[in-house]
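Participant: Give me coordinates for this.
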Amino acid sequence: MKLILASASERRAEILRDAGFSFSIMSSAIDETPYPGESAPDLVQRLAFAKAELVAARAVAPAIVIGADTEVTLEGHIFGKPRSTDDARRMLEKLSGRAHAVVTGVALIRLPDAERLTFVDSTLVHFAPLTEEDITRYLATGEPHDKAGGYAIQGRAGRFIPRIEGCYFNVVGLPLARLQHALTELGWSEG
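Facilitator: Numbers count the residues shown, from 1 in each chain. Reported below is the predicted structural model:
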């Protein structure tokens, strides 16, 4: 049974590759706009399922399709990918010196029987206080522009994060241990 990642995210693909998974990639572009009043866990679960469903409709069985979505949330506010450098600056200023949650929704669809499994994982990320110079220097790297919350823990922003509570891979975009468990529940095995 093959695995299909329903994502163009280089970070998710890298997590799977580094963990030794064999998989293919099928893109799944969808509208990621939150519904009014939608919570971050509800949003990531809905988007992960929509991505997996879009790819499952085109995939050839037997396979398990993996959809995922990651968002940063602070005090009920969802920080998606920044729309501009100024937007990234505002996000980093709000995250500075505070703890926030990173939530990832994962949806699996097994083909051909369309058995579905979804879950949401959350990690608490503690940010050190950032100076204006820290933020300006970080923005100049270009790294924040396509990342939820305007930062990448696995990149240069790692120096601003003294600790996390939960799964590191969840912050990068795919909670690896929970994914392995879910795949096993759906009957997937290596080799």
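
Participant: Where does pLDDT dip in the chain?
Facilitator: Along the chain, segments meeting pLDDT under 70 span 191.

Participant: Flag every buried residue along the biggest helix by length in the chain.
Facilitator: Secondary structure of the chain per DSSP state H: the longest helix is helix 40-56. If you call a residue buried by 16 or more other Cβ atoms under 10 Å, then helix 40-56 has these buried ones: 40-41, 43-56. Heads up, the C-betas are built off the backbone N, CA and C, glycines and all.

Participant: so which of the residues you listed comes closest to Gly149?
Facilitator: Lowest distance from Gly149 to the buried residues of helix 40-56 (Cβ to Cβ) belongs to Ala40, with 11.0 Å.

Participant: Helix or strand for the residue lying farthest from the centre of the chain, just tell me which one.
Facilitator: Distance from the C-alpha centroid of the chain peaks at Glu133, with 27.8 Å (Cα atoms, centre = their mean). Following DSSP states H and E, one finds Glu133 within helix 132-140.

Participant: Check the offset of the following helix or strand past that helix from the chain's centre.
Facilitator: Downstream of helix 132-140, the first helix or strand assigned by DSSP H and E is strand 163-165. Mean-position distance between strand 163-165 and its chain equals 17 Å (Cα atoms, centre = their mean, to the nearest Å).

Participant: List of residues touching strand 163-165?
Facilitator: Residues from elsewhere that reach strand 163-165, judged by Cβ atoms under 8 Å, 6 or more residues apart in numbering: Thr123, Leu124, Val125, His126, Ile153, Val171.

Participant: gap between the two ends of stretch 80-99?
Facilitator: End-to-end distance for stretch 80-99: 17 Å, by Cα to Cα, to the nearest Å.

Participant: all strands for the chain, in order.
Facilitator: 2-5, 23-25, 63-74, 77-79, 99-111, 115-126, 163-165 (DSSP state E).

Participant: Redo these as a markdown table? Include distance to Pro34 and mean neighbour count.
Facilitator: Listed next are the strands of the chain as a markdown table, based on distance: least, Cβ to Cβ, whole Å; neighbours: other Cβ atoms under 10 Å:
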| stretch | distance to Pro34 | mean neighbour count |
| --- | --- | --- |
| strand 2-5 | 23 | 20 |
| strand 23-25 | 25 | 14 |
| strand 63-74 | 8 | 24 |
| strand 77-79 | 6 | 17 |
| strand 99-111 | 12 | 23 |
| strand 115-126 | 15 | 18 |
| strand 163-165 | 24 | 12 |
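
Participant: With distance to Gly149 added, can I get these in a markdown table?
Facilitator: Below are these laid out as a markdown table (distance: least, Cβ to Cβ, whole Å):
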| stretch | distance to Gly149 |
| --- | --- |
| strand 2-5 | 22 |
| strand 23-25 | 24 |
| strand 63-74 | 3 |
| strand 77-79 | 4 |
| strand 99-111 | 7 |
| strand 115-126 | 9 |
| strand 163-165 | 13 |
